[in-house]
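> sequence? don't have it. structure:
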């Protein structure tokens, strides 16, 4: 299997994640799209690890997962807190810095 | 076309269509379920590349823990309805176009690279737990320890942020006294 196929696949997933981040207004969906972008990078790292026969890339994937888990814990706490304040997860309400 | 390639194309089709489902479905619960399907197909890619440890970690951590957390938060907020306000058509179109332009730019940049390796179908044993553990605890033991500190701070941070406002004010008063 040529490495190009894996590059195209993870590039497609990454761009779909970016489109979702720009298109949606729900904060949770935006957060999920960021998770999808992280996962596409993980897939590419594993493909390179198999190609170069090196285990370091898989360790990096492991650390990316660790950071993603910590990020989800803090980010969801922030979203829950925001929901308690304004009773919505719509990001268009959170534009107070603009005014 | 042997079994390996058939599985590769099948998993690719599933992952991309489910990723599109995440950003196109109106109901947030459907989005979460599509994202879980995407993660499972990515785990299938890992098993095709014989990265067994990452396969099981991806299933347990992503599909098992993180997505269940998302589902809990969505159900806690009672968001499982289709009343989410949409961005205007212009902004949605701008998002799609800018994402597509990024795709095209990277695609065009990749055409000129000399990256023409292939992944052999012979299974390598670098993705097994024994090899990864050797690498992790010999070469990368310091980042591993720092990751534990990161987890601790994330845990404390989530608890501090998620605390109720009244108890936070009470704690502040306690500190001032």
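Perfect, thanks for sending it. What you see is a predicted model, and the numbers here were worked out from it, not measured in a lab.

> When you work out contacts or count neighbours from here on, use the C-alpha atoms and nothing else.
Noted.

> Now residue B:55: which helix or strand?
Here residue B:55 sits within helix B:52-57, counting by DSSP states H and E.

> list the helices and strands the lengthiest helix in chain A packs on?
Looking across chain A with DSSP state H, the single longest helix is helix A:56-86. Where contact means 3 or more C-alpha pairs under 8 Å, 6 or more residues apart in numbering or on different chains; DSSP states H and E, helix A:56-86 is packed against helix A:27-52, helix B:52-57, helix B:67-76, helix B:129-138, helix B:141-162.

> Now it: average pLDDT?
Average pLDDT, helix A:56-86: 90.

> Check which residues of the helix or strand where residue B:106 lies are buried.
In the assignment (DSSP H and E), residue B:106 maps to helix B:89-111. Buried positions in helix B:89-111, judged by neighbour count with 16 or more other C-alpha atoms under 10 Å in any protein chain shown: B:92, B:95-96, B:98-100, B:102-103.

> How about that helix and chain A, any contact?
Yes. Applying C-alpha under 8 Å from any C-alpha of the partner chain, one finds helix B:89-111 touching chain A at B:91-93, B:95-96, B:98-100, B:102-103, B:107.

> hmm, who's touching that helix?
Applying C-alpha atoms under 8 Å, 6 or more residues apart in numbering or on different chains, the external contacts of helix B:89-111 come out as A:8, A:11-12, A:15-16, A:18-20, A:22-24.

> Setting aside sequence neighbours, what's the nearest residue to residue A:78?
Among residues not flanking residue A:78 along the chain, residue B:161 sits closest, at 6.5 Å (C-alpha to C-alpha, 6 or more residues apart in numbering or on different chains).

> Spit out the contact partners of the one you found.
Applying C-alpha under 8 Å, 6+ apart to residue B:161 gives the contacts A:74, A:77-78, A:81.

> Derive a ChimeraX selection command for the buried subset of these.
The following ChimeraX line selects those of the contacts of residue B:161 that are buried, judged by 16+ other C-alpha under 10 Å:
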select /A:74,77,78,81
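
> Take the contacts of residue B:161 and write them to CSV, including distance to residue B:119.
Formatted as CSV, those follow (distance: C-alpha to C-alpha, whole Å):
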residue, distance to residue B:119
A:74, 37
A:77, 41
A:78, 42
A:81, 46
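
> how about low-confidence regions in chain B?
B:79-87, B:121-123, B:165-177 (pLDDT under 70).

> Next, name the residue at the spatial heart of it.
The geometric centre of chain B, computed from its C-alpha atoms, lies nearest to residue B:62 (C-alpha atoms, centre = their mean), at 6.5 Å.

> shouldn't that one be in contact with residue B:40?
No. Between residue B:62 and residue B:40 there is no contact under C-alpha atoms under 8 Å: 9.1 Å.

> Tally up the residues packed near residue 48, please.
Since you didn't name a chain, this refers to chain A. Neighbours of residue A:48 under the rule other C-alpha atoms under 10 Å in any protein chain shown: 21.

> The intended chain is chain B.
18.
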